[in-house]
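Trainee: Could you look at this predicted model? Sequence included:
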Amino acid sequence: MAQRILVVDDSPMNIKAVALALEAVGYEVIEARDGREALERAGALLPDMIILDVEMPEINGYEVCRRLRRMPAFATRPIMMLTANNALHERVQGLEAGADDYMAKPFEAEELQARVKALLRRAAPAPVAIATAQGRMIAFFSLRGGIGTSSLAANLASGLNQLWGGGKVALVDMVFTGGHSALMMNLPLRTSWSDLALKPAEEIDGEVLDQVMLSHACGLRVLPAAPRPEENEPITASKVVSVLNVLRAHYDYIVLDMPHNFNETTLAALDAADQIVLLLGPEIGSVVATTCALDVFEQLGYPADKITLVLNATFERGGLPRKDIESTLRRPLAAIIPYAGELFTSALNRGVPPVLEIPTKPLGALLEDWSFSFSTEEDAKRPVERPNPALQRVIQRLQQRRKARS
């Protein structure tokens, strides 16, 4: 049976152009001429996907999208905004309303067909993860903002996912004052922590989380924070513990993107983590904040080997020397991420982590190898008959370094 797509536009010519492109590759097209008719037809016919014009009389496309996302039947069905206005703020507004994609008119039929196919494939029900051994939980934390916590958490989660296969890795946004994990992966905020906030803990299981978590095309699963702090307010420390326990039972790796504070939900997640990646930059304010964090960790009784210090070179020149930082903190740095400002900024704006986009370039290769260093001993030593491309690249680089040392 052909998949049905509801096309909403107040221009008959625009509807005709979209219909011709989609019907040519086997989709069934349903039409609506304004926002009110769109909501009525969507509720009655439950199309597999909706393509919305933005500028329409009475109810614009953004508001139609928001109203659809509030309906359980359309919480996860793909929605594309198709409009003549391709300004950045319009795209951001569309993503905030819950759209999965944003495409400008006029369009090429082949591009529209490809995007629709990708969105429908991504929206296909993901297999429910089967509970396995306790997964490894890694928290990215810094008391100082602007250190790249979210960016590096997204790259580590993406890198682990590429190495060990889709469906095994979860990225969890713990920044309840407005996290960006979904934006880091260019995922629309269709569902979030807010969908779990008022649900009794005993009702939250793997199947419930599977319905709430977002799916990236690479196979990574993301549990985002709601975009507005008030939507996250009902989330308690006990709710965090319950959700993380379920995630640990269903994923091999859980990467936590942490806020820059020590509130109750933060402490609950840090307590649950097996490893805390404590990030800092090469400047005095960051070193002071790191010293404070280490003091708190000591008061909390965390063992020294639970903390991994990582320096992210957030500017190109004039940073504190490594030896001075290590001497002040009285701890060694486990890794240094070199300055790559433009690459990280571009990746952030497009929602494409460098570890996915440029794995053969120096930055991507470094992040790929760095991700491998967080693998469990079981994964790192497990013989793999046919390693995937990411694992092949890591193995080759390891062999080259061993050969260079011998």
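Mentor: That came through fine. Numbers count the residues shown, from 1 in each chain.

Trainee: only C-alpha atoms for contact and neighbour calcs from this point on.
Mentor: OK.

Trainee: domain ranges for this protein?
Mentor: With domains defined by automatic domain parsing, the chain comprises 4-123, 136-405.

Trainee: need those in JSON lines with mean neighbour count, can you?
Mentor: What follows is the domains of the chain, written out as JSON lines (neighbours: other C-alpha atoms under 10 Å):
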{"stretch": "domain 4-123", "mean neighbour count": "18"}
{"stretch": "domain 136-405", "mean neighbour count": "18"}
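
Trainee: hey, where'd the helices end up in the stretch 101-250 of the chain?
Mentor: For the stretch 101-250 of the chain, the helices defined by DSSP state H, counting those that start in this stretch cover 109-123, 149-164, 181-184, 194-197, 206-212, 229-232, 237-250.

Trainee: With mean pLDDT and distance to residue 346 as extra columns, can I get these in a markdown table?
Mentor: Listed next are these as a markdown table, based on pLDDT from 0 to 100; distance: least, C-alpha to C-alpha, whole Å:
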| stretch | mean pLDDT | distance to residue 346 |
| --- | --- | --- |
| helix 109-123 | 87 | 22 |
| helix 149-164 | 94 | 12 |
| helix 181-184 | 88 | 11 |
| helix 194-197 | 91 | 29 |
| helix 206-212 | 92 | 28 |
| helix 229-232 | 90 | 26 |
| helix 237-250 | 94 | 31 |
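
Trainee: Of all those, which one comes closest to residue 89?
Mentor: The minimum distance between residue 89 and these falls on helix 181-184, with 14.1 Å, by C-alpha to C-alpha.

Trainee: neighbouring contacts of that closest one?
Mentor: Helix 181-184 has contacts (C-alpha atoms under 8 Å, 6 or more residues apart in numbering) with 150-151, 154, 171-173, 188-189, 222, 224-225, 257, 347-348, 350-353.

Trainee: how about 6 Å then?
Mentor: Residues outside helix 181-184 that contact it (C-alpha atoms under 6 Å, 6 or more residues apart in numbering) are 173, 224, 348, 351.

Trainee: Would you mind listing where the stretch 251-400 of the chain has pLDDT under the threshold?
Mentor: For the stretch 251-400 of the chain, no stretch has pLDDT under 70.

Trainee: so where do the helices sit in it?
Mentor: 264-272, 284-299, 322-329, 341-350, 354-357, 362-373, 377-381, 389-405.

Trainee: Now render those as JSON lines, adding distance to residue 77.
Mentor: Formatted as JSON lines, the helices of the stretch 251-400 of the chain follow (distance: least, C-alpha to C-alpha, whole Å):
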{"stretch": "helix 264-272", "distance to residue 77": "31"}
{"stretch": "helix 284-299", "distance to residue 77": "42"}
{"stretch": "helix 322-329", "distance to residue 77": "49"}
{"stretch": "helix 341-350", "distance to residue 77": "22"}
{"stretch": "helix 354-357", "distance to residue 77": "25"}
{"stretch": "helix 362-373", "distance to residue 77": "32"}
{"stretch": "helix 377-381", "distance to residue 77": "35"}
{"stretch": "helix 389-405", "distance to residue 77": "31"}
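
Trainee: For residue 102, which of the ones you listed is the nearest?
Mentor: Closest to residue 102 of the helices of the stretch 251-400 of the chain, according to C-alpha to C-alpha: helix 341-350, at 12.6 Å.
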